[in-house]
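Asker: Sequence first, predicted coordinates after that:
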Amino acid sequence: MPVRPVVAAALGAAALLCAAVGPACADPSEVITVDPVGRIAPDGTVTLSGSYRCTGGTGPVFVSSSLSQGDSRLRQGVGGGVAQCDGAEHRWQNSGKVSAQAPRSGAARVEATLTELRPSGILLLPAFHAVTDQDVTLAQE
């Protein structure tokens, strides 16, 4: 199995766990935001962006994002990237084609997450730095 889907599945499962546990997962000084407008390219690629701030990463930290339109139970991953946890504010941008349902212009819900994979023995366990769930508008480019 390719590594990318495995990492995406692990981060998604960890995000669900953090959502169930609540704010105790993240330091309140760490934050991730989502810009109010996302873009849809003519080829169907979705681009989401925002900013983040985190500190104290001991393992690799990733910025992930997912999108839902209509049925809020169906979330589709939109790219991901590496984050820099140095206490400064940084911009993030994720792009990707969603597979299950073609995105359309209009209202959408985006979840963005800063997740660190911390070494614990022979395993890497997810630790959340920040999570947000926000309404956005998708616009055609």
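Answerer: Yes, it's here. Residues are numbered from 1 along each chain as shown.
Asker: Let me know the helix or strand that residue 47 is in.
Answerer: According to DSSP states H and E, residue 47 maps onto strand 45-53.
Asker: Check which helices and strands the very next helix or strand once past that strand is in contact with.
Answerer: Next in sequence after strand 45-53, counting helices and strands by DSSP H and E, comes strand 61-68. With contacts taken as 3 or more C-beta pairs under 8 Å, 6 or more residues apart in numbering; DSSP states H and E, strand 61-68 sits against helix 3-21, strand 45-53, strand 76-82, strand 90-97, strand 106-120. Just so you know, the C-beta spots here come from the backbone N, C-alpha and C atoms, and that holds for glycine as well.
Asker: What residues sit buried inside stretch 107-121?
Answerer: By neighbour count on 16 or more other C-beta atoms under 10 Å, the buried set for stretch 107-121 is 108, 109, 110, 111, 112, 113, 114, 115, 116, 117.
Asker: of those residues, closest to residue 52?
Answerer: Minimum distance to residue 52 across the buried residues of stretch 107-121 is 5.7 Å, recorded for residue 114 (C-beta to C-beta).
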